[in-house]
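**Q** After the sequence you'll find the predicted model.
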Amino acid sequence: MEQIPDQFTEDPALKAALRRALDQEAAPAALRNRILALSAEASAGESAAPPRSLKMPSRRSPLFKFAVAAVLLIGFGALGYRIWQMNQGPVYDPSRILSQSLYKAMVDTHAARGAQTTPDQVTTLAAAGELSKSIDRPVFVADLTRDGWTFQGAAVRKVGEHQAAQLYFTKGNEAISVFSLPASAANGAHDDTDYVKDFNGSPIAGFTHGKGLYCIVGSSPDDSLQMAEVKRLLAEHRGEIAKG
């Protein structure tokens, strides 16, 4: 019998076709046995071959693109937030806007008026608004007489380096000064913001509005005048600003 060329016997497709044909039609026994042996060898070789490694998903698949987009979005978002943080100014803290030296100056001027070291320019509360002409700013003319305080006088006095109108009230052993300072005394202050401070036992409450910084400074030798009362007076009378 003629020998079958190797290039045909090594062809897997040909082997499979011949195998199907042998199952259906008669063939010479020698050829049949030869082909069956080659088919068996091919099957054994395929079984012994190492398993193929799993392929990673294509980089062009929708899932891969979504994962890349998500990573980029998170990265750019974090970078943008970091840049935003770096561009922000310091956190605004109202309690730090007024300097310690300004608080001290207000307390010193308040104590000096209590000792009557300088005379008052105004002796009636009704005339206190006229002080705005001297300082060229509105004056906080808080009518504390409605709360049981006695008006003692008013004048334009120095509070540190600033010219300020000062109204002075007493009730028993307690005393209050109502100051009208320039808004520039509270450098960097936001408009219409309240400020409170207990400075060496003197409760101080104030607010900024337009051109002015308006404060109530209290004192009492026995600490009977508390911050809560000073804040209440400020809230009740803050609208009593006279433009002169």
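**A** Arrived safely, thanks for sending. Numbers count the residues shown, from 1 in each chain.

**Q** hang on, residue 178 in a strand?
**A** Yes. Read with DSSP: H, G, I helix; E, B strand; the rest coil, residue 178 is one of the residues of a strand.

**Q** okay, now the domains of this structure?
**A** Split into domains by automatic domain parsing, the chain comes to 6-47, 98-242.

**Q** Pick the most deeply packed of those domains.
**A** Neighbour counts (mean count of other CB atoms under 10 Å) averaged over each of the domains of the chain peak at domain 98-242, with a mean of 18. For every residue, glycine as well, the C-beta is placed using N, CA and C.

**Q** just to revisit the earlier point, could you save the domains of the chain as TSV and add columns showing mean pLDDT and distance to residue 82?
**A** TSV is the format used below for those (pLDDT from 0 to 100; distance: least, CB to CB, whole Å):
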stretch	mean pLDDT	distance to residue 82
domain 6-47	58	57
domain 98-242	94	26
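
**Q** Nearest to residue 72, out of the ones you listed?
**A** Among the domains of the chain, domain 98-242 comes nearest to residue 72, with 39.0 Å by CB to CB.

**Q** What is the end-to-end distance of that closest one?
**A** Length of domain 98-242, first residue to last, CA to CA, to the nearest Å: 23 Å.

**Q** wouldn't residue 219 be in contact with residue 111 here?
**A** Yes. Counting by CB atoms under 8 Å, a contact exists between residue 219 and residue 111, whose distance comes to 7.2 Å.

**Q** and residue 67, how many neighbours does it have?
**A** A total of 12 residues lie near residue 67 under the criterion other CB atoms under 10 Å.

**Q** Now do the same contact list for residue 160.
**A** 101-102, 105, 185 (CB atoms under 8 Å, 6 or more residues apart in numbering).

**Q** Save these as TSV, and put in distance to residue 78 too.
**A** Listed next are these as TSV, based on distance: CB to CB, whole Å:
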residue	distance to residue 78
101	42
102	42
105	47
185	42
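
**Q** Hmm, residue 192 is touching residue 209, no?
**A** Yes. At 5.7 Å, residue 192 and residue 209 qualify as touching, with contact defined as CB under 8 Å.
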